[in-house]
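**Q** any chance you could fold what I've pasted below:
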Amino acid sequence: MMDINNIGTALVSNQAKSPAAVLEREDAPHLVRLPGTCWNLWRTVVVRGAGFPAAMVEDLAAPETTAKADHYLACRTLASRYTDAALRRCRGELAQSAESRRQLRAVEAAIVAGKVEELSGNQQAIAAAEACAKAELAGRAFLAAYKADEEKINRR
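**A** Predicted structure coming up:
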């Protein structure tokens, strides 16, 4: 009679004389012993596919959400780059006094909040604030698309 202890391609007992010999194999640090068996599992992944038809994967696709997520990530990346550049410039322009640190924090807060009117004509900071505002809108659009697709999928 066949059982999990003595069948399959990953049977460890084929690689060692006894199950005890495979408990701590130095030549296979990527494996972890499945207790009570002669089997090992990969440390990084365990996949169970039984009961989930592959054709159903397409029903879970959410292309609009994917596009919105990609757009949001691109906007966040651009906003981060612009913000970093603007803050580097502001640090260079401001002396290292307590007042300058307060001003820098105020500029950073205005950038992150997308408050262009508080940035005194600093074009780099304005570009960063606009990018942050655009990223915020893209994030909201992504969340709305995600919720809509989640509802569609849950109704199936």
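**Q** show me the shaky parts of this structure.
**A** Applying pLDDT under 70 to the chain picks out residues 1-26, 45-52, 95-96.
**Q** and the lengthiest helix in the chain, what does it pack against?
**A** Secondary structure assigned by DSSP state H gives helix 123-155 as the longest helix of the chain. Packed against helix 123-155, as judged by 3 or more CB pairs under 8 Å, 6 or more residues apart in numbering; DSSP states H and E, are the following elements: helix 63-93, helix 98-113. To be clear about C-beta, it is placed using only N, CA and C from the backbone, and glycine gets the same treatment.
**Q** want to throw the ones you listed into a markdown table with distance to Gln123?
**A** A markdown table is the format used below for the helices and strands packed on helix 123-155 (distance: least, CB to CB, whole Å):
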| stretch | distance to Gln123 |
| --- | --- |
| helix 63-93 | 9 |
| helix 98-113 | 12 |
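**Q** okay if I get those as TSV plus distance to Leu119 and mean neighbour count?
**A** Output for the helices and strands packed on helix 123-155, formatted as TSV (distance: least, CB to CB, whole Å; neighbours: other CB atoms under 10 Å):
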stretch	distance to Leu119	mean neighbour count
helix 63-93	9	16
helix 98-113	6	15
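**Q** which one of these lies nearest to Ala125?
**A** helix 63-93 (4.3 Å; CB to CB).
**Q** from the chain's centroid, how far away is the closest one?
**A** Taking the mean C-alpha point of helix 63-93 and that of its whole chain, the gap between them comes to 16 Å (CA atoms, centre = their mean, to the nearest Å).
**Q** that concludes my questions; thank you for your assistance.
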